[in-house]
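Chemist: sharing a model prediction with you, sequence too.
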Amino acid sequence: MLLSIVRTLTSLRSRGVGCWLQFKGVKIGPGCRFGSKVKVGRDVVLGAGVSLQDGAEVHGCVRLRDHVVVQKCAEIVGNIEVGQDTVIGSYSFVSTMPDACIQIGERVLVNSFNVIGAGEQVLIGNDCIFAANVQITDSSHRFENIEDSPRHDPAFSKAVTIGRAVWLGSGVKVLMGVQIGEGAVVGAGAVVSRSLPAMGIAVGVPAKVVRQRGARDMREMGTE
């Protein structure tokens, strides 16, 4: 009985949040669900069945396709498109500079505490898996001026592309200009400062390919 009451109240609260957001001008598809203390900007577009959990924030020119889940206290800010059935994990932060963009494919799993930032462009293919604490950036600061902090030197950017079905282990860092080929696997804690080939398995700092995935791996992924 008590559980039923809680579910009813949760559903009513979710509908109330949805009505308020629509009143503000947010475009919301059918079946969306909202937790408590969510914040959504008026230029955001939510597809059918999108779920924003407690404390989630979405601002800017953001489009979340059908059945995207933004977990607890995750934040998405900037020019960003997230493909259907993708999950953005708790406390993750996905953001762009004003003229940059991020595109995340379908059925991507971004685990908790990920940070993805773009000064130019970050493209992420379908069916990728990112473990906890992954960081992806396409930007850095210059540091030629020894009289001042690099913070005050101009930033520069070079696009990052991550292919379909890439698996990044816990704590992996992907740096500017990197391209990671389809089906690659990067071991926990690696720093990817150079591009990696499709189906490569890379580990270390900096990340180096130690072997290629075999024919069996490729058949399991449906790439043969």
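Modeler: Nice, thanks for sending it over.

Chemist: give me the buried positions along the helix or strand that C61 is a member of.
Modeler: Taking DSSP states H and E as the definition, C61 sits inside strand 57-64. Applying a neighbour-count criterion of 16 or more other CB atoms under 10 Å, one finds 57-59, 62-64 buried in strand 57-64. Quick note: C-beta positions are derived from backbone N, CA and C, even for glycine.

Chemist: pull the most distant pair out of the residues you listed.
Modeler: E57 and R63 (15.6 Å; CB to CB).

Chemist: tell me the domain boundaries of this structure?
Modeler: For the chain, automatic domain parsing gives the domain ranges 13-83, 92-224.

Chemist: coming back round to it: and the buried residues of strand 57-64 as CSV, adding distance to Q84?
Modeler: Shown next, in CSV, are the buried residues of strand 57-64 (distance: CB to CB, whole Å):
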residue, distance to Q84
E57, 21
V58, 16
H59, 21
V62, 14
R63, 11
L64, 9
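
Chemist: same list (these) but as CSV, adding distance to R42 and pLDDT.
Modeler: CSV is the format used below for the buried residues of strand 57-64 (distance: CB to CB, whole Å; pLDDT from 0 to 100):
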residue, distance to R42, pLDDT
E57, 13, 97
V58, 11, 97
H59, 9, 96
V62, 11, 96
R63, 13, 97
L64, 15, 97
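
Chemist: what's around R42, how many residues?
Modeler: Around R42 there are 10 other residues, counting by other CB atoms under 10 Å.

Chemist: residues near the closest residue to it other than its chain neighbours, how many?
Modeler: Nearest residue to R42, sequence neighbours excluded (CB to CB, 6 or more residues apart in numbering): G25, at 4.5 Å. Close neighbours of G25, defined as other CB under 10 Å, add up to 10.

Chemist: one more: A48?
Modeler: Residues near A48, counting by other CB under 10 Å: 14.

Chemist: what's the spacing between it and S170?
Modeler: Per CB to CB, to the nearest Å, A48 is found 32 Å from S170.

Chemist: now swap in V191 and tell me
Modeler: Relative to S170, and taking CB to CB, V191 is found at 13 Å.

Chemist: how far is the strand holding C61 from where the chain is centred?
Modeler: Chain-centre distance of strand 57-64: 12 Å, with CA atoms, centre = their mean, to the nearest Å.

Chemist: check stretch 126-142 too.
Modeler: 8 Å.

Chemist: chain center to stretch 202-210: distance?
Modeler: With CA atoms, centre = their mean, you get 23 Å for stretch 202-210.

Chemist: picking up where we left off before, can you give me the pLDDT of the residue nearest to R42?
Modeler: Among the per-residue scores, G25 shows a pLDDT of 72.

Chemist: I figured it hits V40, correct?
Modeler: No: with contact defined as CB atoms under 8 Å, G25 does not count as touching V40 (10.3 Å).

Chemist: for the closest residue in space to T86 that isn't next to it in sequence, give me its contacts.
Modeler: Spatially, and ignoring its direct neighbours in sequence, T86 is nearest to V108 (4.4 Å; CB to CB, 6+ apart). The neighbours of V108, taking CB atoms under 8 Å, 6 or more residues apart in numbering as the test, are 82-83, 86-87, 124, 126-130.

Chemist: buried sites along stretch 105-119?
Modeler: 105-114, 116-119.

Chemist: which one of those is nearest V160?
Modeler: A118 (7.8 Å).
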